[in-house]
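Student: Based on what follows, work out the 3D shape:
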Amino acid sequence: MRRLLYLIVMMLAGVPLSVSNAATLTISCQEAAQYSQDEVNSIYNSVSDIDGVSEANRLWTEYHKLKHRCVKQPNARATVNVSEEIADLANTYR
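Tutor: The predicted model follows:
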């Protein structure tokens, strides 16, 4: 569960959020590769519960963009904006 919450906030690739108190988090290809599809699905559900389906869909899309970039650029990293609540959860479980 800890890894799931961490990945929730890491599934983004720099799309700005319209949240006044936003936080920035970064994930590498190596970090993204350690999660199974079931774990990613669980993370999606957790983000949906915390920040809504729209935010979960945005993160889902950005996570998959990073995964595709990692095929040709194994050292790629994604930096994303997330809500303070998601950032706090991620930092707790790092």
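Student: how about the strands of the protein, start to end?
Tutor: Applying DSSP state E to the chain gives strands spanning 22-28, 77-83.
Student: can you redo those strands as a markdown table with distance to I43, mean neighbour count and mean pLDDT?
Tutor: (C-beta placed from N, C-alpha, C; glycine too.) Listed next are the strands of the chain as a markdown table, based on distance: least, Cβ to Cβ, whole Å; neighbours: other Cβ atoms under 10 Å; pLDDT from 0 to 100:
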| stretch | distance to I43 | mean neighbour count | mean pLDDT |
| --- | --- | --- | --- |
| strand 22-28 | 12 | 17 | 85 |
| strand 77-83 | 12 | 21 | 91 |
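Student: Show me the one of these that comes nearest K65.
Tutor: Each of those has some distance to K65 by Cβ to Cβ; the shortest is strand 77-83, at 7.7 Å.
Student: Using PDB, write out every CA atom in that closest one.
Tutor: As requested, the backbone C-alpha atoms of strand 77-83 are provided in PDB (Å, rounded to 0.1, in the frame of the first residue of the first chain):
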ATOM      1  CA  ARG A  77      12.100  11.600 -15.300                       C
ATOM      2  CA  ALA A  78       8.700  13.200 -14.900                       C
ATOM      3  CA  THR A  79       8.000  16.100 -12.700                       C
ATOM      4  CA  VAL A  80       4.300  16.700 -11.900                       C
ATOM      5  CA  ASN A  81       2.100  19.100  -9.900                       C
ATOM      6  CA  VAL A  82      -0.200  17.500  -7.300                       C
ATOM      7  CA  SER A  83      -2.300  18.700  -4.500                       C
END
